[in-house]
Every structure is written in C-alpha cells, then in structure tokens.
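Engineer: no letters, just coordinates:
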C-alpha cells in the first residue's frame, strides 16, 4: 500500500470559527453546539485508489484492508471510488448484483466502519432500482458507528460517445436521482456527487452557495481518455470556484478486457492546491491529507465571491 502524507495546513480552527455561522451565498449553515464539539481542528482524510472487478468478495477484501490501514495512521474519513464493490464485465451484470441499501453488501461495510471507528464515503453502489431493468448509482455515507447517514443517487448519467473509445449509455439501466445531498460530518459539511456530475458546475454551485458545502466528494471511474483530458482540470476548477475542499477517489487501471479507468485520486484545497495524490496514478493505495476547515474561512474572507455574485441560485 502507498500512503501520501503532505504537510498539514497551518491555520488553526478556533472555537470562534466553529461557533459562527458560515456565509454560504443565499443561505447560512447552522450547526448544533453538540455537533460543533465533534469537529477537530484538523481532520485526516483519505481518498482511495483501487481497481475493482466483478468479484464482490475480492473487492470487499481490498476495501477492508485499506480501511484498517487508514485507521492505523489516523484517518477519520475515508472515501472510496465509484463502483467500489463491483465493476461489471457484461451488460446487465450490474442489475443482477443490485441490492437495497439495507442489503448484505452494504451491511458488511457498515460493520467495517463501526469496527474501525471511521467514516466511509462509498461512491457508486449498485442500489436496486424501481424495476427489474433499472438500478440507482448511489453514493452512500456511513458514520463511525456504522450507521448510514446519507444517500445520494447520481443525477447526471453518462450517455457519451467517447472519442476513439466506445459509446456509454448509463441511462439504459440506471434511473437518475432527483435531489442534491449535503451532510454534516467531523470532516466538515459534505456535498455528495458522483463522477460525471463533475462536468456540471451548477450542481457544485448549489452545494456551496445554496447549501453551505465545505467539502465536495467526487468518487469516480473516469475513462482513460476523458481522465487524461479533463480529470485534474475539472476537479481543481470545482475547488476554486466554490472555495471548497475536494476529495476525489478514483478507480484506476484495467478492470477487464472491456474497461479501463484513469485513476489519480486527489485531495484539493479551496485555493485549488493539490494536497495529496499517489506517486503512481494506477496503483492501489490511499492519498492522505490533513485538512483544516479554517482554511475555507481564510480563502472565503480574502476573496468574498459569495458577496460579489450577481446571479442567484435556487435551492430546490
């Protein structure tokens, strides 16, 4: 396993910073005093990089090992990529393994989070859909007690003819979600997204200015072609334009004869600086960074774009 441990950011999160309401454009974030007490000055977070296959048990074994290794080095919040538990070989395979959120696959991950005392972001779970021919591509957030705190169903489906590659039609077997999701955590106020969502900046504007997000989660399985062209650029742009941390866990390498992912898991600060990435964008491992939420306040105070915006955003 490879770990990247950059220098921690230097600004401390003071009680005064914790106690105040953070400006978020059209809305204000309000946290209970009890929750604020759970937040630490600095939180160690990790973005997993892995190559999932169509073997659910083997994928769980890899995830379990990475969770335990992350917990050993003090990671409190660990993010996994899209399709962490299963990557299909043939069309229709994902439908065969799809389960309800309370099914046995996710229950194993809930137990893993509880036993390791760690929060988990599980991107891109094959959730059983409204009928036998459709599923939901669902981002699941589990807290350190093993409870499912939030679920986000992918809004933007990947129906794309990738140049020089192949045609993807995610909508042929996936039903999109109908809401955006934020959740408070010890690692800040989280905005949940998934892979292809990254190309739609209005979603991230809503998460930050409409719902006060501080940390944007982007679990992904970008293709090799699109990743080489746009992955890092888009992630840094989303961080800069929202002044949020971005944690992007990525699938990496060849899953089977038909599918290959770009890799390059990244953690980015609100100024667009890359805090952590693995030396090899195709290896299995964890990129780790110590994030300090006062960095958000510092950036937003010095460049108050929330006060300068000319166009409002609906919170619907």
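Structural biologist: Right, received. Where do you want to start? Just so we're clear, the structure is a prediction, and the values are computed from it rather than from any experiment.
Engineer: what residues are up against residue 187?
Structural biologist: Counting by CB atoms under 8 Å, 6 or more residues apart in numbering, residue 187 touches 43, 45, 76-77, 119, 215, 291. To be clear about C-beta, it is placed using only N, CA and C from the backbone, and glycine gets the same treatment.
Engineer: and the gap between it and residue 166?
Structural biologist: 36 Å (CB to CB, to the nearest Å).
Engineer: thinking again about what came up before, now flag whichever of the contacts of residue 187 is closest to residue 172.
Structural biologist: Of all those, residue 215 has the smallest distance to residue 172: 32.4 Å, by CB to CB.
Engineer: report the contact partners of that closest one.
Structural biologist: Counting by CB under 8 Å, 6+ apart, residue 215 makes contact with 187-191, 244-247, 291.
Engineer: any idea how far stretch 199-215 is from the middle of the chain?
Structural biologist: With CA atoms, centre = their mean, to the nearest Å as the basis, stretch 199-215 stands 13 Å off its chain's centre.
Engineer: sorry, wrong one. I was asking about stretch 101-110.
Structural biologist: 19 Å.
Engineer: list the buried residues of that stretch.
Structural biologist: Applying a neighbour-count criterion of 16 or more other CB atoms under 10 Å, one finds 105-106, 109-110 buried in stretch 101-110.
Engineer: returning to that earlier point: can you turn the buried part of the contacts of residue 215 into a PyMOL selection?
Structural biologist: Remark: buried members of those, expressed as a PyMOL selection using 16+ other CB under 10 Å:
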select buried, resi 187+188+189+190+191+244+245+246+247+291
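Engineer: from start to finish, how long is stretch 79-86 in a straight line?
Structural biologist: Start-to-end span of stretch 79-86 (CA to CA, to the nearest Å) is 16 Å.
Engineer: whoops, I mixed them up, stretch 47-56
Structural biologist: Stretch 47-56 has an end-to-end distance of 20 Å (CA to CA).
Engineer: so where's the stretch 201-316 of the chain shaky on pLDDT?
Structural biologist: Regions of the stretch 201-316 of the chain meeting the criterion pLDDT under 70 cover residues 313-316.
Engineer: show me where it has strands.
Structural biologist: For the stretch 201-316 of the chain, the strands defined by DSSP state E, counting those that start in this stretch occupy 215-217, 245-248, 250-256, 259-262, 266-268, 274-277, 285-291.
Engineer: buried deepest among these, which one?
Structural biologist: Each of the strands of the stretch 201-316 of the chain was scored by mean neighbour count; the highest is strand 245-248, a mean of 29, by mean count of other CB atoms under 10 Å.
Engineer: what does that one contact?
Structural biologist: Residues outside strand 245-248 that contact it (CB under 8 Å, 6+ apart) are 45, 47, 79, 121, 188, 214-220, 235-236, 238-239, 265-270, 291, 295-296.
Engineer: which of the contacts of residue 187 sits closest to residue 127?
Structural biologist: When these are compared against residue 127 (criterion: CB to CB), the nearest one is residue 119, at 19.6 Å.
Engineer: so for that closest one, what's the nearest residue that isn't a sequence neighbour?
Structural biologist: Counting by CB to CB, 6 or more residues apart in numbering, residue 77 is the residue found nearest to residue 119 once chain neighbours are left out, at 4.4 Å.
Engineer: one more: residue 122?
Structural biologist: Spatially, and ignoring its direct neighbours in sequence, residue 122 is nearest to residue 140 (4.4 Å; CB to CB, 6+ apart).
Engineer: and the one you found, what does it touch?
Structural biologist: Contacts for residue 140 (CB under 8 Å, 6+ apart) come out as 101, 106, 109, 121-122, 125, 148, 150-151.
Engineer: how near is residue 143 to residue 249?
Structural biologist: Separation of residue 143 from residue 249 (CB to CB): 18 Å.
Engineer: tell me how far the most centrally placed residue in the chain lies from residue 61.
Structural biologist: For the chain, the residue nearest the mean C-alpha position is residue 217 (2.8 Å; CA atoms, centre = their mean). Residue 217 sits 24 Å away from residue 61, going by CB to CB.
Engineer: quick check: phi and psi on the residue lying closest to residue 252 once chain neighbours are set aside?
Structural biologist: Leaving aside its chain neighbours, residue 252 sits nearest to residue 263 (2.9 Å; criterion: CB to CB, 6+ apart). Per-residue torsions, residue 263: phi 80, psi -150 (degrees, to the nearest 10).
Engineer: may I have the beta-bridge partners of the residue nearest to the centre of the chain?
Structural biologist: Residue 217 has the following beta-bridge partners by DSSP bridges: residue 192, residue 247.
Engineer: contacting residues for it?
Structural biologist: 79, 121, 123, 139, 190-193, 247-248.
Engineer: nearest to residue 276 among those residues?
Structural biologist: Nearest to residue 276 among the contacts of residue 217, with distances taken as CB to CB, is residue 247, at 9.3 Å.
Engineer: so residue 59, which of the three states?
Structural biologist: helix (DSSP: H, G, I helix; E, B strand; the rest coil).
Engineer: alright, that wraps it up for me.
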